[in-house]
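Enquirer: requesting a structural model of the entry that follows:
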Amino acid sequence: MQHPDLPNDTASPEQAARKDLAATFRWFDRLGMSEAIANHFSYALDPGGERFLMNPYGVHWGTLKAQDLLTLEAAHLPDDLRDRVDPTGWSIHGAIHRNVPGARCVMHLHSRYATALSILKDPSLPPLDQTSMRFYNRVEIDLGFDGMGLAEEGERLSTLLKEKRILMMGQHGVLVVNETIAGAFDDIYHFERACETYLIAAATGKELNPAPAEIAEKTARQWEDYPGFAERHLAAVRKVLDVQDPDYAV
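Expert: From the prediction side, this is the model:
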């Protein structure tokens, strides 16, 4: 039975994915989390990651539509598409779709607070509140930044994600993988919020109060077991866009 809070979309799986992904671009632009024409979200159309959707080079997130998303092959970028594909986007996302099982959706941001945290000598996120506890022991930290995300760097990054689905990219930003678009959207949204809270608290100069390990782990598992949260979060966003910015779904 379809839950009333979730969209009753009769489109094909690909069209539904295009609408969901387009909605996340529009929403993150509204939140000030886009960066000019950089950063990319992708979604594999098959479980093995051979074909995936990704935003085209040069289309601003604030105007991106479902029909704008390109269908790409993870193994090969044809010459006739090279002008329409950001080389760093294809290198990173193509490598992850090829090499990371279960990474159906990949979202990469240079968002303000996650990127600020990424440039610290210790870019770990302490378990200070229930949002940051969501990510306790669930973030892979990469301190091996080796330049722009072209071929070699894309392959290197794809080897770092194993059982974890959040990658703190030192001196670069944050990357999230998930089985669903809603899951990746919800993870990266809350990771940025947690980074913001941490850096604001640290800026007071007062002593911080991290939770004990057992409480942090308990809270992280409660987040993981919270029923339908990510799906309803994205559905709520789409309802706003359906009224205020409906051409995202075209």
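Enquirer: helices or strands up against the top helix by length along the chain?
Expert: Using DSSP state H, we find that the single longest helix of the chain is helix 181-203. If you count contacts as 3 or more C-beta pairs under 8 Å, 6 or more residues apart in numbering; DSSP states H and E, helix 181-203 packs onto helix 13-30, strand 105-109, helix 112-118, helix 130-133, strand 173-178, helix 229-244. From N, CA and C alone the C-beta is placed, and that goes for glycine too.
Enquirer: and the longest one, average pLDDT?
Expert: Confidence over helix 13-30 (mean pLDDT, whole number) is 98.
Enquirer: list the helices and strands the next helix or strand after that helix packs on?
Expert: Where DSSP states H and E defines the elements, the next helix or strand beyond helix 13-30 is strand 40-44. Here strand 40-44 touches helix 13-30, strand 51-54, helix 87-99, strand 105-109, going by 3+ C-beta pairs under 8 Å, 6+ apart.
Enquirer: by mean pLDDT, point me to the weakest helix or strand of the chain.
Expert: Within the chain, no helix or strand scores below helix 151-158, which has a mean of 90 by mean pLDDT, DSSP states H and E.
Enquirer: partners of the helix or strand just after it, with directions?
Expert: Of the helices and strands lying after helix 151-158 in sequence (DSSP H and E), the nearest is strand 166-169. Strand 166-169 has its sheet partners listed here by DSSP bridges as strand 139-142 (parallel), strand 173-178 (antiparallel).
Enquirer: just to revisit the earlier point, give me the angle between the least confident helix or strand of the chain and helix 87-99.
Expert: 40 degrees (axes from the mean of the first three to the mean of the last three C-alpha atoms, to 10 degrees).
Enquirer: any idea what the most centrally placed residue in the chain is bridged to?
Expert: Nearest to the mean C-alpha position of the chain, counting by C-alpha atoms, centre = their mean, stands Met107 at 2.8 Å. Note on Met107: beta-bridge partners by DSSP bridges are Phe41, Val176.
Enquirer: list the contacts for it?
Expert: Met107 makes contacts with 24, 41, 175-177, 184-185, 187-188, as judged by C-beta atoms under 8 Å, 6 or more residues apart in numbering.
Enquirer: okay, those residues in a markdown table with neighbour count next?
Expert: What follows is the contacts of Met107, written out as a markdown table (neighbours: other C-beta atoms under 10 Å):
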| residue | neighbour count |
| --- | --- |
| Thr24 | 26 |
| Phe41 | 27 |
| Leu175 | 29 |
| Val176 | 24 |
| Val177 | 24 |
| Ala184 | 28 |
| Phe185 | 26 |
| Asp187 | 23 |
| Ile188 | 25 |
